[in-house]
Structures are given as C-alpha cells and as structure tokens.
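> take this sequence and fold it.
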Amino acid sequence: MKKKDLTSQQIVEAAIGLFALHGIEKTSLAMIASEVGITKPSIYYHFVSKDELIDRVFDYMFSDYHFEHYFTLAHMNELNFAEELYQGGMRMFPEDEEEFSPVMRLLNEFMLTANRSANYGERVAAMQQTFLDGFRELMLLGAEFGIVERHHAESKAYVLALVIDNITSYMMMDIQLDYQAIWKEAVNSVFRKGADTVA
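Numbers count the residues shown, from 1 in each chain. Have a look, this model is predicted:
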C-alpha cells in the first residue's frame, strides 16, 4: 500500500472512532489530524474537505452492509431454509460487541445527519429498504416452498426486519438479553404449522 493510501486509511479510521465518540459535527479536522499524528493541513492532501472525508467514512463503514452479504437465497431450499434464515440473522450480530458499538453509534450519527442532509438520509433509507425487500423475497421463497403462508409473507418479512433492527439497537445500548433465543423465536414464528423450524 502506498504511503498516501496508508495515511488516507489512517485518517478514515481515526475519523470513525472520533465521529462515534464525539459525533460528526463536534469532531474537527484538527482532532482527526492529532489522532493520526499529522498536521491539519496534511488532511487536505488526502481529502478536499470534511464533507469528502465524511462521505469516505460512510462508504467504508457500510460497504458490506447489504442484505446479500448475510443471506443467500440461491443456497436455500425447503430442507435448509429455516437454518439458513437463522444463520443469516446471526451473521448480522457482532462477534465482538466492543467493535459493534462504534459502528452502531456511527450509523445513528448518519441518521441524525440525515435530518440535515438529504444525501445521507436517502442513502440510509436505501440501505434499510434493501433489507425490507430482501426479507420480503425470503418469505416469498418460503411460500414457494410451502413452509410460509403466502398471504402473511410480507408482514412476516417486515417483522423479521424489525426484530433484527431492534436487536442491534438494544445491543448498542448494552442491554443484556438472549439475542440468539429471541432471533430463533422470531425465525420459527414465520413458518406454517408442521414445517421444520430451528431447533
């Protein structure tokens, strides 16, 4: 990696930590420069403005945050559907909750910024919509397999999306619950009576 690229990455990573800790508005370029160990003017060699840096942070943080990263419909069949659905949701939960909290705080920061910037509002809403659409596709696939009732497929999809969203919010607030059991219960609730569920 070139020195310029390395420093750009260091600036982005420092910005992530500081944005999560202090908020986007209250974090100055001087604070970021100090964290990296460079001068404030040096940041302008890598980013023309704080807004460009914020854009880069957004792209970096959420590049993998899309439905297909967690759930692969092509691998699902009637026999593995329940387990694949369950495991996909489990992949959305952090293995290391200490690393997860800053990510969620930063997502909340972008949601707050969304009120002031249509750019981030549209991008956050688009990300969330992909999950709503993805869960809807999943439930319709389950209906094709005959294990989810078709006329309730859409509402069941949105229940799953809301459960995932709320679990991650509670994790961010460090509220200790058995999230694995909660997600398992949510997954099992979508199936027809008699269909295979997650054990």
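> where does this structure have its least confident helix or strand?
helix 97-114 (a mean of 67; mean pLDDT, DSSP states H and E).
> which stretches of this protein form strands?
Applying DSSP state E to the chain gives no strands.
> can you give the domain ranges for it?
3-60, 64-188 (automatic domain parsing).
> what residues are up against the residue most central in space within the chain?
The residue lying closest to the centre of the chain (Cα atoms, centre = their mean) is Tyr65, at 4.7 Å. Applying Cβ atoms under 8 Å, 6 or more residues apart in numbering to Tyr65 gives the contacts Met127. Heads up, the C-betas are built off the backbone N, CA and C, glycines and all.
> again, but for Tyr179
Counting by Cβ under 8 Å, 6+ apart, Tyr179 has contacts Phe93, Ile167, Tyr170, Met171.
> got a winner among those for most neighbours?
Counting neighbours by other Cβ atoms under 10 Å, Ile167 comes out on top of those with 20 neighbours.
> tell me the spacing between that residue and Trp183.
7 Å (Cβ to Cβ, to the nearest Å).
> again, but for Glu122
From Glu122 to Trp183 the distance is 29 Å (Cβ to Cβ).
> who's more crowded, the two?
Neighbour count, other Cβ under 10 Å: between Glu122 and Trp183, Trp183 has more, with 22 against 11.
> so what pLDDT did the more buried one get?
Listed pLDDT for Trp183 reads 97.
> quick check: it touching Gly88?
No: using Cβ atoms under 8 Å, Trp183 is not in contact with Gly88, being 10.0 Å away.
> and whichever helix in the chain runs longest, what does it pack against?
In the chain, taking DSSP state H as the definition, the longest helix is helix 118-144. Helix 118-144 is packed against helix 50-62, helix 67-70, helix 81-92, helix 97-114, helix 153-172, with contacts defined by 3 or more Cβ pairs under 8 Å, 6 or more residues apart in numbering; DSSP states H and E.
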